[in-house]
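[1] Sequence isn't available, so here's the structure alone:
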Ligand code: ADP
Ligand code: MG
């Protein structure tokens, strides 16, 4: 057990002797024993004993100690003012944090100040803006099962987004998990393992919350009739557990509240639950998400914007950013739904002025979902209400720019954009222009909103006026011209008379303070006024706080309307973003074909949306898959553009299904159900997943799960093993994909013999990328053409990459030797690669890696040639290239 968690041993031993405060700490640690308890003492959050030692080290703050009659305890404090940044570090270190605040004013009760855990902060339940990325959701997940069914529930506690789905396949659930990438997961009893990736924190939680009866009750407290809403038992369990976890994390305002099994724990802003079937959306598993670079750049040192979302995101608001990410995460399948988005994008793309105006207006839209969440959780201050007011103020203009729209989607949005005039008016009337952050110290409520408040303020003002006039009056009355009226915080108001004038002081002056050159006095009348002012101000502050809470409550009651508005604004923003990208980067509207039997992909002048942004000039390429063109074997030297081409085809398909325009001159597409990708191990070393097993595992998934509605990308698979094995596997896969699966497939390969395999298959064809040599330098055209490549130009690429000249020269020699030794003297180096049928029998029928080959020199040198050809020179460092060449050379020499 982590010594930072749970009640400290040193305290547990003498629980009953502890001072009341330490006993409180001990008990809170006991109750929240899976979290690190931050214990408010005045302006600090303190931790003690093991937790103190841990936090001191993690946060690099000083370890002190606290001594009382029962002993000395190590102690570490972090200032409350700056707590968020420390909490962030604790979360990063893998802790959950329970914040125990003082929930009554010191002195309010006779004993020790009451404390309660007002929030439990965990990676998946963050609501603090400081700890959250604005433009992305932060989900906590729960997984439950029931019989065959595995269910997944996902909740963004900061926005109230709540989803549920289920499947009989835990793999399918794992795929959904990678789509939403939750930060934390609560796992029910008996749920399958391996559903969550390593970077997702798995939280143990009371198993009882997963029980059906209890879950039904929890879910019913939020939504009427969970049975109708959720498809399966497992879904109800997952949702119920997740809601209870969110309530637990929300904390409570007092111990009493926690004890009461109650309504007040309910998170009122969770108003919608979206149940979906994974099959309603284009399926993308973790591998596809990663290799298509939707959200994360693939290269370790990749630039942030080198992702699909990076190039598409021109949204103005956090709301729009999240909506766009949701669309990219879940591309659609139904042409009608896609067309509805495309219509809107097209209209906005055409009307330049409206689009630009909207984009401008949307800059002033605050994060309404999180705002209303805070308002509903009673965490919002007056400034939050002002942010809401400022957002509502732009809604009429946003609406105006959508008036007269032609397409249904925009018309619908126009209708949905309720400017919430009543709420706006309420905030305008009640809250001042620029209120302070604090909500208990007044200065929040506007003049004229409440008569009683105005009266109190008038009293205070009158009193101050009376005091302002006092100086003049007293000077006249006493004849002391230098008499002054002043104020200090200790003694209050006073009349100051300098020593030489003390004789003229009237009888009703009462001495308050003696200074070096003067005396300070008060009069009964002044005292009375002062009390009046102070009393009025205090009551005004209290009243303001009450009024503010009332206004906040009124707004909170409208949570559903605010959420509906937020959704409409988010949608407008996401559509405007897509239209902006379409216009700025010359995208075209894809034509979507009905999902008949035959899958078609026809792209003219397609570009890679991400690569084209980083490239000075990008060469567009066509792609045509239909009828008997179903499987393409793509060859060409390293760096010629194979990977880029394949990904661009997949990304264009995906973008179209998102409802976006696409980077192409024209595109005709049938929506696909699923995109599979597999990038060969050698390309993926950066990701630390270079093992052959992983590669085979993923290939197995594709072969099992792909069908004729799938788009499959295979990039250099079969490299993790010997050339012969690799080629054999590649060929068998190709045949299987062609004969059995019928998926639309792009297969980039260094195995040139595969091109011949493709010629023999009815629905397969070959594509290649050619390079030219000019003055010994390779020139890449990045142009795709029909047929197989004639050479791999590995040696030339080595030159370009800076491999030292002697090595390059020797490589040329070796390649030439191999060519000479080849029995049938073709001029295509590609053919030097042995076919699996011949090489596999090198020593008596067993497939053997060239490295261990025992065959004689000619066979061996052709193996060396094959190895040379398979080298990814562009991906090697010069030293690696040298070592490899050295090895190959010695291999030849040993045999001579
Ligand atoms: P391969 O997979 O054939 O080794 P890549 O697809 O990785 O080649 O492309 C190598 C590099 O060439 C890319 O990083 C990109 O900079 C450039 N490139 C690829 N395709 C194009 C293109 N169509 N137009 C311009 N540059 C391209
Ligand atoms: Mg490649």
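    That came in fine, so what should we check first? Nothing here was measured: the structure is a model prediction, and the numbers come from that model. Ligands and ions are numbered 1, 2, ... in the order given.

[2] switch to C-alpha atoms for all contacts and neighbour counts from now on
    Noted.

[3] pLDDT below threshold where in the stretch 351-500 of the chain?
    Along the stretch 351-500 of the chain, the model assigns pLDDT under 70 to no residue.

[4] brain fart, the stretch 751-896 of the chain
    In the predicted model of the stretch 751-896 of the chain, residues 776, 791-801, 815-862, 874-880, 894-896 satisfy pLDDT under 70.

[5] For it, list the residues in contact with ligand 1, please.
    For the stretch 751-896 of the chain, the residues in contact with ligand 1 (C-alpha under 6 Å from any ligand atom) are residue 782.

[6] Burial check on the residue in the stretch 651-800 of the chain that ligand 1 sits nearest to, number of neighbours?
    As assessed by C-alpha to the nearest ligand atom, ligand 1 sits closest to residue 782 within the stretch 651-800 of the chain, at 4.6 Å. For residue 782, the tally of surrounding residues (other C-alpha atoms under 10 Å) stands at 21.

[7] give me the number of residues near residue 429?
    Neighbour tally, residue 429, other C-alpha under 10 Å: 16.

[8] for residue 418, that is, sorry about that
    18.

[9] Could I get the buried residue list for the longest helix along the chain?
    Of all segments of type helix in the chain, defined using DSSP state H, the longest is helix 524-556. By 16 or more other C-alpha atoms under 10 Å, the buried positions in helix 524-556 come out as 526, 529-530, 532-533, 536-537, 539-545, 547-549, 551-553, 555-556.

[10] list the helices and strands it packs on?
    On a contact count with 3 or more C-alpha pairs under 8 Å, 6 or more residues apart in numbering; DSSP states H and E, helix 524-556 meets helix 368-376, helix 421-430, helix 451-478, strand 492-498.

[11] just these: most buried one?
    Of the helices and strands packed on helix 524-556, the one with the most neighbours on average (mean count of other C-alpha atoms under 10 Å) is helix 368-376, at a mean of 24.

[12] helix or strand right after that helix?
    Where DSSP states H and E defines the elements, the next helix or strand beyond helix 368-376 is helix 382-402.

[13] ok, and what's touching that next one?
    Helix 382-402 has contacts (C-alpha atoms under 8 Å, 6 or more residues apart in numbering) with 354, 357-358, 361-362, 364-366, 368, 371, 375, 410-411, 413-414, 417-421, 424, 427-428, 431, 433-437, 439, 444, 548, 552.

[14] mind running it again at 7 Å?
    Under the criterion C-alpha atoms under 7 Å, 6 or more residues apart in numbering, residues 354, 358, 361, 364-366, 368, 371, 410, 414, 417, 419-420, 424, 427, 435, 437, 439, 444 lie in contact with helix 382-402.

[15] swap in stretch 341-358?
    398, 401, 407, 409-410, 575-576, 578-580, 582-583, 659-660.

[16] List the buried residues for stretch 609-626?
    Residues of stretch 609-626 classed as buried by neighbour count (16+ other C-alpha under 10 Å): 609-612, 620-625.

[17] What is the three-state secondary structure of residue 45?
    strand (DSSP: H, G, I helix; E, B strand; the rest coil).

[18] For it, list each beta-bridge partner.
    Beta bridges link residue 45 to residue 40, residue 78 when assigned by DSSP bridges.
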